[in-house]
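Participant: next one to model:
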Amino acid sequence: MQVIKKATAIQSLQIGMGIVDLIAKQGRPLKFSNIHDLTKLTKSNLHKYLNTFTQSGILYRDKESGAYVLGSKLIEYAMAAVDHENVVDRITPYLQEINEKSLSTVLYSGWTYNGPMIVREFNINRGYNIGAQMGTFLPIFSATGKIFMTFMDEPMIREWKERELKQTRPEKINHLEEECKLIREKKISFAREPLVSSVSPVSFPVFNYKKKLLGAVTLVGFSEFIPNEEEEEFSRYLMSMSKEISGIFGYKPHIE
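Facilitator: Next up, the predicted model:
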């Protein structure tokens, strides 16, 4: 197992965390021989690392099989991270950057039983009110709604979809479903003036390390200033921001 040396890093700690990372990524219990083959460490050193991690609860060794899996201490750490993870606070600097670069309103929406709801608004141009305020529920044909329809787990959105599409013509539903296929591929959503005349949104998803949807970031402004296709320069900027923001939460698009 190759370790990248850095002047400010502790090499032994890097090696140890590399072992834990390896076991986590395998997704199955590993015996000593498996770990030895994968790490290429000497058996004596590997024993020391595994014994240390087992005693501290970082790893757990099954008494019957002798195989190693992630331990209860890591689960405690993970739960603590989730409990203290405030998505909005962590992505606020990025949303402020988008707001300043675009001079348009930036919204962050999360999921509720009644559909996607705006939970944060960024707008340096306070003289311009787009009518979408915190607490507003967004419809399925909005750019934000399309993001949730595309990426949210089906059981979570089934009732919302039924309510939203109840009075919708079949051909319009078919068009929406086809659009969602493109959104899944490009990871950006457009809607021309879905709620207010001359006002259009563009939206992109925020994922976590499990590729689960955390929420949607939406840029809203006068239609002439909002991109309408993914080939446009500002659309490419938003798609790069989408990857960067999701990367905060461990999302890695290149291994999808």
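Participant: C-alpha only now, for contacts and for neighbours.
Facilitator: OK.
Participant: quick one: the helices in the stretch 1-150 of the chain, in order.
Facilitator: 11-26, 32-39, 43-56, 72-84, 87-102, 143-151 (DSSP state H, counting those that start in this stretch).
Participant: just send these back as CSV, with distance to residue 205 too.
Facilitator: Converted to CSV, the helices of the stretch 1-150 of the chain look like this (distance: least, Cα to Cα, whole Å):
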stretch, distance to residue 205
helix 11-26, 25
helix 32-39, 35
helix 43-56, 37
helix 72-84, 19
helix 87-102, 12
helix 143-151, 6
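Participant: single out the most deeply packed of the ones you listed.
Facilitator: Compared across the helices of the stretch 1-150 of the chain, helix 143-151 shows the largest average neighbour count, a mean of 26 (mean count of other Cα atoms under 10 Å).
Participant: what's the first helix or strand after it?
Facilitator: Once the chain leaves helix 143-151, the next helix or strand it forms, by DSSP states H and E, is helix 154-165.
Participant: ok, the nearest residue in space to residue 68 that is not next to it in sequence to residue 48 distance?
Facilitator: Nearest residue to residue 68 in three dimensions, chain neighbours excluded: residue 61, at 4.5 Å (Cα to Cα, 6 or more residues apart in numbering). Counting by Cα to Cα, to the nearest Å, the gap from residue 61 to residue 48 is 14 Å.
Participant: same deal with residue 113?
Facilitator: Applying Cα to Cα, the value for residue 113 to residue 48 is 50 Å.
Participant: output the contacting helices and strands for the helix or strand containing residue 174.
Facilitator: Assessed by DSSP H and E, residue 174 sits inside helix 170-186. For helix 170-186, the packing partners by 3 or more Cα pairs under 8 Å, 6 or more residues apart in numbering; DSSP states H and E come out as helix 143-151.
Participant: now the helix it packs on and helix 154-165, what's the angle there?
Facilitator: 140 degrees (axes from the mean of the first three to the mean of the last three Cα atoms, to 10 degrees).
Participant: angle of helix 143-151 against helix 170-186?
Facilitator: If you take the same axes, to 10 degrees, helix 143-151 sits at 80 degrees to helix 170-186.
Participant: just give the number of residues close to residue 121.
Facilitator: Using other Cα atoms under 10 Å, residue 121 has 20 neighbouring residues.
Participant: touching, it and residue 109? I think so.
Facilitator: No - proximity of residue 121 to residue 109 does not meet the contact threshold set by Cα atoms under 8 Å, at 9.1 Å.
Participant: tell me what the closest residue to residue 190 other than its chain neighbours is bridged to.
Facilitator: Nearest residue to residue 190 in three dimensions, chain neighbours excluded: residue 202, at 4.6 Å (Cα to Cα, 6+ apart). With DSSP bridges as the criterion, residue 202 is bridged to residue 190, residue 219.
Participant: repeat for the one 5 residues further on
Facilitator: Listed by DSSP bridges, the beta-bridge partners for residue 207 are residue 213.
Participant: buried ones in the helix holding residue 174, by neighbour count?
Facilitator: Within helix 170-186, the residues scored as buried using 16 or more other Cα atoms under 10 Å are 176, 180, 183.
Participant: ok, residues contacting stretch 180-195?
Facilitator: 141-144, 146-147, 149-151, 199-205, 223, 227-230, 235, 239 (Cα atoms under 8 Å, 6 or more residues apart in numbering).
Participant: how far does that stretch sit from the chain's center?
Facilitator: 17 Å (Cα atoms, centre = their mean, to the nearest Å).
Participant: how about stretch 192-200?
Facilitator: 27 Å.
Participant: what's the answer for stretch 232-241, then?
Facilitator: Put simply, stretch 232-241 sits 17 Å off its chain's centre (Cα atoms, centre = their mean).
Participant: give me the mean pLDDT for that stretch.
Facilitator: In this model, stretch 232-241 carries a mean pLDDT of 94.
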